[in-house]
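Q: Kindly return the folded structure for what I paste below:
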Amino acid sequence: MKQPFPFSAIVGQEDMKRAMILTAIDPSIGGVLVFGDRGTGKSTAVRALAALLPPITAVKGCPVNAAKPADCPDWANLETDTLHEIPTPVVDLPLGASEDRVTGALDIEKALSNGEKAFQPGLLARANRGYLYIDEVNLLEDHIVDLLLDVAQSGENVVEREGLSIRHAARFVLVGSGNPEEGELRPQLLDRFGLSVDVASPTDIDQRIEVIKRRDAYENDNAAFMVRWQAEDGMLRDQIIAARLSLKKLTTPEQSLRDVAELCIALGSDGLRGELTLLKAARAYAAFRDDTALTRGHIRDVAALALRHRMRRDPLDDAGTGTRVARIVEETLGA
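A: Residues are numbered from 1 along each chain as shown. Okay, the predicted model is just below:
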């Protein structure tokens, strides 16, 4: 089976790549929503991210990837406390998935063969401590959206049916992609994404040619192509690990907090989730750049990612949300 296209080899789409890197540094940012035309590399970037992410340490055989034996649920009935490294989970949630497949349900095979009630974990269990990816997220059925909202809020999956009462941790980074022509996202789910990116096909001829060259090399000279770009991915992975460590030591001046609050007020974002997300994203970006203190420049560079999907609609302003964010950022924080 061919390995995923390397993350570092993706041409352009800098905002999309930056957003995904920031969530890898600080998963509490809350996920990434990528909207754009077909064929702009949305799914490719998510698959590539899976290969880029550093591994996690988990209890061997634990269905929810628990970091230590005490966190592994009783219903798993594990007989070992052995820890081992596994790839960071990146789990697909198909559009047609049933609620049982997402949350988990009674294990029918064990019920019929042994007469025992056992729990069969679902996609949310597999995604714990990793990523849950939904392609065409704007076409997701309403009852699945409601379920995801509940789990995203609590960080816990609760299953109570058929005589079962099961709870387990379900903390994951939600990544969604979609084509805006196929419908809008429900506001409640939209607000759950920390960062939002609009992607488009490149209009620069040289960039499009480079895309073709790299894809052709990936298809027809895969071994040499992977050797070259996996080395780049390795260096990027090391940067992510280093940023996670330096994030804890990063200084956040009072003025930066004031800048974040003033910007969100100027943009008219509802609630305080915008401020919190912008602050986390700016801090992750500063750590990625190996800076020791948060600055206005860091805030300015990630403002559109954190706030474009939180702006109220302005019927008198025809500019796109990204353009409006850029204009208000310049007015509030300077060029």
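Q: Report the mean confidence score over the one helix or strand residue 223 maps to.
A: Using DSSP states H and E, residue 223 sits within helix 222-247. Averaged across helix 222-247, the pLDDT comes to 90.
Q: lowest average confidence, helix or strand, in this protein?
A: Lowest on mean pLDDT, DSSP states H and E among the helices and strands of the chain sits helix 108-114, with a mean of 57.
Q: List of residues touching the helix or strand following it?
A: Next along the chain after helix 108-114, taking DSSP H and E as the criterion, comes strand 119-121. In this structure, residues lying in contact with strand 119-121 by Cβ atoms under 8 Å, 6 or more residues apart in numbering are 63, 64, 75, 104, 105, 106, 107, 108, 159, 164, 166, 168. C-beta coordinates here come from the backbone N, C-alpha and C atoms, glycine included.
Q: Out of those, which two sit at the greatest distance?
A: Largest separation among the contacts of strand 119-121 by Cβ to Cβ: 64 and 108, giving 20.7 Å.
Q: which one of the two has more residues nearby?
A: Legend: neighbour count by other Cβ atoms under 10 Å for residue 64 and residue 108, higher for residue 64 (24 against 11).
Q: ranges for the helices of the stretch 201-335 of the chain?
A: If DSSP state H, counting those that start in this stretch is used as the criterion, the helices of the stretch 201-335 of the chain fall at 205-220, 222-247, 254-267, 273-288, 296-307, 321-333.
Q: Pipe those helices into TSV and attach distance to residue 146 and mean neighbour count per row.
A: Converted to TSV, these look like this (distance: least, Cβ to Cβ, whole Å; neighbours: other Cβ atoms under 10 Å):
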stretch	distance to residue 146	mean neighbour count
helix 205-220	38	13
helix 222-247	33	15
helix 254-267	27	17
helix 273-288	19	24
helix 296-307	25	23
helix 321-333	26	16
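Q: between these, which gets nearest to residue 83?
A: That would be helix 222-247 among the helices of the stretch 201-335 of the chain, by Cβ to Cβ, at 18.4 Å.
Q: pretty sure residue 25 contacts residue 242?
A: No. Contact criterion Cβ atoms under 8 Å: residue 25 and residue 242 do not qualify, at 9.5 Å.
Q: Out of the helices of the stretch 201-335 of the chain, the one nearest residue 84 is which?
A: Closest approach to residue 84 among those (Cβ to Cβ): helix 222-247, 18.5 Å.
Q: In terms of secondary structure, what does that closest one contact?
A: Here helix 222-247 touches helix 14-25, helix 42-52, helix 205-220, helix 273-288, going by 3 or more Cβ pairs under 8 Å, 6 or more residues apart in numbering; DSSP states H and E.
Q: outside of the second one, which residues touch it?
A: What it means is helix 42-52. With contacts defined as Cβ under 8 Å, 6+ apart, helix 42-52 is touched by 3-10, 13, 16-17, 20, 24, 34, 36, 87-88, 90, 131, 133, 135, 175, 177, 199, 233, 236-237, 240.
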